[in-house]
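[1] build me a model:
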Amino acid sequence: MQTAVIPPLAVPGKKAVPDGIRGWSWGAFLLSWVWAIGNKTWIGLLALIPYVGLIMAIILGIKGREWAWQNKEWDSIEHFQRVQKQWNRWAFIIVGALLVIGLLAGIGIAMYEEHAPSTHTSQAQDIPPPAPTAASAPASTPFAQAFDEPLTHSASAQKYEPVFLSENDDGHLFKISSYPKKIIYKNTNLLDYLFEDTDMIGYLAFEKTYQFGENYIFIISTGENGNSCPATTYAFQVDTAANRISDKHEIDGCSENVETFSEGNTLMVKKEGNASIFYNGEVQ
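    All right, here's what the predicted structure looks like:
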């Protein structure tokens, strides 16, 4: 009695997958839906769906070669292998180029931010309406060095006088409030000239206020940078004679501790970074 050998039954609608076809596909994994279109493996378009893309890319890496063999016509196994090697090669080239571009862009942005001039230019504004005028860049010097240098700039009979403002004091020229965040002068909130959106600056703390003749220097801190910089401190000037407000000058450092020192026509503001020095009631 002879035993007949029955060949494996072919699954209707599917092409048999020969040895050497299955395996990991870097082209399918890295290029996902692009590879899927080129290999008529339409299920790979699921990679376009948010949160599904990575999972689908892994599945394509595992099953992609098998599906590509079944879904597209190939001249031979050698033809299939040659095309898939080209997909792998281009996947590495494209992804590698994107990584290099991203790295260079990150380095470029970091260098630009390090060397670009500060966006806190000194611009005075009328109250109201705002009218910017150009001024020179702020002067700053290390704290210890500042004490060693003569604190004089030009002759002036006036000097800085501290002003004590209270949130409950309605009789002063300026009315302050940490919440809601306001510095009211002639029925105008000066913070609207300094910040695009006062709701985005976090808290508002009034550090010190000085008067120099008709000029008032405000030193305030905000929480606009969150935990990365607990306190961002600014100085700005209000000229009550000309009805003008300067732009804000950022004090170097992120500490919540702010030190001030005044002598004659010179005011110094210091955190843990470089000190900023202001002469004759001007924030420049």
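[2] what about G20, distance to F80?
    When distances are taken as Cβ to Cβ, to the nearest Å, G20 and F80 turn out to be 9 Å apart. For glycine as for every other residue, the C-beta is placed from the backbone atoms N, C-alpha and C.
[3] same deal with L48?
    For L48, the distance to F80 - Cβ to Cβ - is 25 Å.
[4] between these two, point out the one with more neighbours.
    More neighbours surround F80 than the other of L48 and F80, with 19 against 12 (other Cβ atoms under 10 Å).
[5] can you show me the strands along this protein?
    In chain order, the chain shows strands spanning 125-126, 140-141, 161-162, 174-178, 181-185, 188-189, 204-212, 215-222, 232-239, 244-245, 249-250, 259-263, 266-270, 275-279, with DSSP state E as the criterion.
[6] among these, which comes closest to I109?
    strand 249-250 (19.7 Å; Cβ to Cβ).
[7] can you list the strands that that closest one pairs with?
    As defined by DSSP bridges, the strand partners of strand 249-250 come to strand 232-239 (antiparallel).
[8] ok and the partner strand relative to strand 215-222, angle-wise?
    Orientation of strand 232-239 against strand 215-222 (axes from the mean of the first three to the mean of the last three Cα atoms, to 10 degrees) gives an angle of 160 degrees.
[9] what's strand 232-239 in contact with?
    Residues lying outside strand 232-239 but in contact with it, judged by Cβ atoms under 8 Å, 6 or more residues apart in numbering, are 120, 124, 127, 174, 185, 190, 194, 207, 214-225, 244-251, 253-254, 258, 269, 271, 276, 278, 281-283.
[10] can you tell me which of the strands of the chain is nearest to I37?
    The stretch from the strands of the chain with the least distance to I37 (Cβ to Cβ) is strand 232-239; that distance is 49.0 Å.
[11] and the average pLDDT for the closest one is what?
    For strand 232-239, mean pLDDT is 93.
[12] where's that strand relative to the chain centroid, distance-wise?
    When distances are taken as Cα atoms, centre = their mean, to the nearest Å, strand 232-239 is centred 23 Å away from the chain's centroid.
[13] please shift the residue numbers so they start at 530 in all later answers.
    Got it, first residue is 530 now, which makes that one strand 761-768.
[14] sorry, back to before: can you tell me which of the strands of the chain the model trusts least?
    Comparing mean pLDDT across these, the lowest value falls on strand 669-670: a mean of 40.
[15] need the pLDDT of D726.
    87.
[16] what separation is there between it and R594?
    53 Å.
[17] for these two, indicate the residue with more neighbours.
    Between D726 and R594, counted using other Cβ under 10 Å, the more crowded position is R594 (25 against 8).
[18] and E696, how many neighbours?
    Number of residues near E696 (other Cβ under 10 Å) recorded here: 12.
[19] would you list the phi and psi of it?
    Main-chain torsions, E696, degrees, to the nearest 10: phi -70, psi -20.
[20] stretch 693-713: end-to-end distance?
    Looking at stretch 693-713, the gap from its leading to its trailing residue is 15 Å under the measure Cα to Cα, to the nearest Å.
[21] which stretches of the protein form helices?
    Secondary structure of the chain by DSSP state H: the helices cover 555-567, 582-600, 606-644, 672-677, 720-723.
[22] output the contacting helices and strands for the last one.
    Using 3 or more Cβ pairs under 8 Å, 6 or more residues apart in numbering; DSSP states H and E as the contact criterion, the neighbours of helix 720-723 among helices and strands are strand 710-714.
[23] quick check: the closest residue to A565 other than its chain neighbours vs S561, distance?
    Nearest non-adjacent residue to A565, counting by Cβ to Cβ, 6 or more residues apart in numbering: G573, 2.4 Å away. The spacing between G573 and S561, counted by Cβ to Cβ, is 6 Å.
[24] what's the overlap in contacts for these two?
    By Cβ under 8 Å, 6+ apart, the residues touching both G573 and S561 are M585, L589.
[25] show me where pLDDT drops low in the stretch 580-729 of the chain?
    645-685 (pLDDT under 70).
[26] so what's L559 closest to, chain neighbours aside?
    A620 (3.9 Å).
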